[in-house]
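Novice: what shape does this take:
(chains A and B)
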Amino acid sequence: MTSVLSQAFFQHALLAGTFIALACGLVGYFLVLRAQLFTGDALSHVAFTGAMAALAGGYDLRLGLFAATIGVGLLLGGLGRRGRPDDVVIGNVFAWILGLGAFFLTVYTTSRSGSGNGGAGTSVLFGSIFGLSSSQTTLAVVIAGAICLLTLLIGRPLLFATVDEAVAAARGVPVRLLGFGFLVLVGACAAEATQAVGSLLLLGLLAAPAGAAIRLTDRPFHALALSAGLAVGEMWGGLLLSAELPKLPPSFTIMATASAVYAATFLVKPGRGRRPATRRVGAAA
Amino acid sequence: MQLADVASPVFSWNLVADFQDMWSYAFMVNAFRAGLVVSVVCAVVGWFMVLRRQTFAGHTLSVAAFPGASLAVLAGFSTSLGYFGFCIAAALVIAALGRKGQGSGAEESAVTGTVQAFALACGFLFISLYKGLLEGPTALLFGSFLGITTSQVTVLAVVGAVVLAVLAVIGRPLLFASVDPQVAAGRGVPVRLLGTLFLVLLGAATAEASQITGTLLVFALMVIPAATAGQLTARPGLSLLLSVLLGLGVCWAGLIAAYYQPYPLGFFVTTFAFAGYVLALLLRLGREAWGRAHEGGQGRGHGGHGGHGHGPAALGAGGAA
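Specialist: Numbering: from 1, shown residues only, chains lettered A, B, ... in the order given. Predicted structure coming up:
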């Protein structure tokens, strides 16, 4: 096992994974708090279409990823009110975009058939974190670092705008601009995480640590830090587990660790006092 | 997936000849039958899903079909069992963990998202453990309408009939509970039980549909027809009927297109459906602009909400009656 840990591919995965998890934990917290997780879901699927379109057209995969996720993020923001898109509109848009993804996948696999293209779709969908080269790792670290920095920079006003939109708007916080800016960050984060865990699984990295953190603490900045910390811990745990048991793909072990931690929070704190109370009142009314 | 290699059929504008050509293949007949069942069930269930704003849950359930199918392939039992078992299990998990109370939307969505990612991760694990699959996961994810057997169609029809029957029984209280959960709870409607039951129905419907369109594209058959109908009319009965017709039309048109073109069915179905949605949206916006210009503010205030605001308001009247 020590031999695996000292190998270059594992160290690349660990380095890139740490930063990607950090970005996902930070962005995911706001995503959950703003109840915009479905947007994250949509953007993660858009990432697949973007990557497939780029491959079918013969461009670099990452160009397609970032262009598609950020572009669609802005589009969804534009369709909704105050940069907050409607669930049904999102559903419509991303169902179609996913269909386009299937189209590009067919175009790609049929037009460039031959040397092992069949795996490209799978690796975009489910990620290949152990396949990162050193230059890809550096780029991933830089981009993920930038996402973290930007999220922390707009964190305070974004939190205000999230918790009480009307008051924040009255106090002069640019609510709409923040909404759009946040969607751009989510898009970039989705594109970034696609390279690690794949477009279908990155939703877990966005949702699980943030959900667990929100269950464990009520204080927003503690929860934000906890979410980022949990994400990084889960990423490490998953990578180590996959190194230990090579039969299990890393994307699975990362998701399994994240889901297990989230499930554990339900056992530790089954139902927070506030919620059942409101439910009982609602039921009795 | 590519019929062009097998038969290389050419589309002519003589539709009768086209249909005779298509239906000379048993699998095409089965595909059309299965499309009929699936699109009707999906449109009806999807209509309630859109009304209840549970699109995220619906998408997650549809995704849960993927590990079900891949586990069935790995362990060697019937794929239908895998589809239905996993979708319904995921529905129960979401219903049990996500508490749908006031202000807990954030928590419910985190549960839903985690369930979805974990389900997909399991599917990926099963696929990678099972080395024999040549196509990889893409056939399961993006669907294939070839090779649907007559017995599969029978299963689809039976399950579809059960889903529709249950929905017909709980339809009225469910409508009430969806439109105004608090008042419904006050009147003694078992809101939580209905919510769980609906999620199970949603799971069964997605399990059906994912056998044809693939797990990733089920969602198109559920949400787009209902949303399109919601753009066109505010009356519940009419919009339900309209969404069924739209779903069926889109599904069959997609089958015809996929028969003549080498591209996947899911692409055509989603594209046709989305084009219909955009047309309906433009139609509604045009009608509203026309109405404003000619009647001068007759109290049609809710322009900016994308039209979905119409549904619940009109339905509230229907549910209370």
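
Novice: model confidence for A:Leu272, exactly?
Specialist: Check again: residue A:272 is Arg, not Leu. On pLDDT, A:Arg272 comes in at 49.

Novice: what packs against the host helix or strand of B:Val159?
Specialist: In this assignment (DSSP states H and E), B:Val159 forms part of helix B:150-179. Under the contact definition 3 or more C-beta pairs under 8 Å, 6 or more residues apart in numbering or on different chains; DSSP states H and E, helix B:150-179 sits against helix B:26-51, helix B:79-97, helix B:181-186, helix B:191-213, helix B:310-320. From N, CA and C alone the C-beta is placed, and that goes for glycine too.

Novice: pLDDT averaged over that helix - what is it?
Specialist: Across helix B:150-179, pLDDT averages out at 89.

Novice: now the angle from that helix to helix B:191-213?
Specialist: On the basis of axes from the mean of the first three to the mean of the last three C-alpha atoms, to 10 degrees, helix B:150-179 is oriented at 150 degrees to helix B:191-213.

Novice: okay, angle between helix B:150-179 and helix B:79-97 too, please.
Specialist: Using the same axes, to 10 degrees, helix B:150-179 lies at 20 degrees relative to helix B:79-97.

Novice: return the set of buried residues in helix B:150-179.
Specialist: Neighbour-count burial for helix B:150-179 flags B:152-153, B:155-157, B:159-160, B:163-164, B:167, B:170, B:173-179 (criterion: 16 or more other C-beta atoms under 10 Å in any protein chain shown).

Novice: who's in contact with residue 162?
Specialist: You didn't pick a chain, so chain A it is. A:Phe30, A:Leu33, A:Arg34 (C-beta atoms under 8 Å, 6 or more residues apart in numbering or on different chains).

Novice: hmm, I had chain B in mind actually
Specialist: Per C-beta under 8 Å, 6+ apart, neighbours of B:Val162: B:Ala204.

Novice: look up how far B:Pro264 lies from it.
Specialist: Using C-beta to C-beta, to the nearest Å, we find B:Val162 at a distance of 29 Å from B:Pro264.

Novice: can you check the pLDDT for residue 282?
Specialist: Because you didn't say which chain, this covers chain A. pLDDT recorded at A:Gly282 is 36.

Novice: my question was about chain B, not that one.
Specialist: Reported pLDDT for B:Leu282: 90.

Novice: and A:Ile147, which of the helices and strands packed on helix B:150-179 is closest to it?
Specialist: The closest of the helices and strands packed on helix B:150-179 to A:Ile147 is helix B:79-97. By C-beta to C-beta, the value is 29.1 Å.

Novice: and the closest one, average pLDDT?
Specialist: Per-residue scores along helix B:79-97 average to 85.

Novice: quick one: it near chain A?
Specialist: Yes - for helix B:79-97 and chain A, the contact criterion (C-beta under 8 Å from any C-beta of the partner chain) is met by B:Leu97.

Novice: ditto for stretch B:216-225
Specialist: Yes - Stretch B:216-225 lies within reach of chain A by C-beta under 8 Å from any C-beta, at B:Leu216, B:Leu217, B:Phe219, B:Ala220, B:Val223, B:Ile224.

Novice: from the chain's centre, how far out does stretch B:157-171 sit?
Specialist: 15 Å (C-alpha atoms, centre = their mean, to the nearest Å).

Novice: in what helix or strand does B:Ala64 lie?
Specialist: Applying DSSP H and E, one finds B:Ala64 within helix B:55-75.

Novice: can that helix be said to contact chain A?
Specialist: Yes - where contact is defined by C-beta under 8 Å from any C-beta, part of helix B:55-75 touches chain A, namely B:Thr55, B:Phe56, B:Gly58, B:His59, B:Val63.

Novice: avg pLDDT for the helix or strand that contains A:Leu76?
Specialist: Per DSSP H and E: A:Leu76 is located in helix A:61-79. The average pLDDT within helix A:61-79 is 87.

Novice: remind me what it packs against, helices and strands.
Specialist: Using 3+ C-beta pairs under 8 Å, 6+ apart: helix A:61-79 touches helix A:37-57, helix A:87-111, helix A:175-197.

Novice: dump the first one to CSV, restricted to CA.
Specialist: The C-alpha coordinates for helix A:37-57 follow below in CSV (Å, rounded to 0.1, in the frame of the first residue of the first chain):
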residue,chain,number,x,y,z
LEU,A,37,-29.0,22.2,-5.4
PHE,A,38,-31.1,21.4,-8.4
THR,A,39,-29.2,24.0,-10.3
GLY,A,40,-26.0,22.3,-9.3
ASP,A,41,-27.5,19.0,-10.5
ALA,A,42,-28.4,20.6,-13.8
LEU,A,43,-24.9,22.2,-14.3
SER,A,44,-23.2,18.9,-13.5
HIS,A,45,-25.2,17.3,-16.4
VAL,A,46,-24.4,20.2,-18.6
ALA,A,47,-20.8,19.5,-18.0
PHE,A,48,-21.2,16.2,-19.7
THR,A,49,-22.7,17.7,-22.8
GLY,A,50,-20.0,20.4,-22.9
ALA,A,51,-17.2,17.9,-22.6
MET,A,52,-18.8,15.7,-25.3
ALA,A,53,-19.4,18.6,-27.6
ALA,A,54,-15.7,19.7,-27.3
LEU,A,55,-14.5,16.1,-27.9
ALA,A,56,-16.8,15.7,-30.9
GLY,A,57,-15.6,19.0,-32.3
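
Novice: elements contacting it?
Specialist: Applying 3+ C-beta pairs under 8 Å, 6+ apart, one finds that helix A:37-57 contacts helix A:8-33, helix A:61-79, helix A:87-111, helix A:118-126, helix A:175-197, helix A:202-216, helix B:55-75, helix B:105-129.

Novice: okay, now the closest residue to chain A within the stretch 201-321 of chain B: neighbour count?
Specialist: Closest contact between the stretch 201-321 of chain B and chain A, by C-beta to the nearest C-beta, is at B:Thr270 (2.7 Å). Applying other C-beta atoms under 10 Å in any protein chain shown, we find 31 other residues in the vicinity of B:Thr270.

Novice: now the one helix or strand it maps to: buried residues?
Specialist: Here B:Thr270 sits within helix B:265-295, counting by DSSP H and E. By 16+ other C-beta under 10 Å, the buried positions in helix B:265-295 come out as B:265-274, B:276-277, B:280-281, B:284.

Novice: okay, the residues of stretch B:216-225 next to chain A in TSV with secondary structure next?
Specialist: Putting the residues of stretch B:216-225 next to chain A into TSV (DSSP: H, G, I helix; E, B strand; the rest coil) gives the following:
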residue	secondary structure
B:Leu216	coil
B:Leu217	coil
B:Phe219	helix
B:Ala220	helix
B:Val223	helix
B:Ile224	helix
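
Novice: mind listing what the closest residue to A:Leu139 other than its chain neighbours touches?
Specialist: Leaving aside its chain neighbours, A:Leu139 sits nearest to A:Arg62 (7.8 Å; criterion: C-beta to C-beta, 6 or more residues apart in numbering or on different chains). By C-beta under 8 Å, 6+ apart, the residues touching A:Arg62 are A:Ala54, A:Leu139, A:Ala191, A:Gln195.

Novice: from A:Val107, how far out is the nearest residue to the first one once chain neighbours are set aside?
Specialist: What it means is A:Ala54. Spatially, and ignoring its direct neighbours in sequence, A:Ala54 is nearest to A:Gly64 (2.6 Å; C-beta to C-beta, 6+ apart). The gap separating A:Gly64 from A:Val107 is 13 Å, by C-beta to C-beta.
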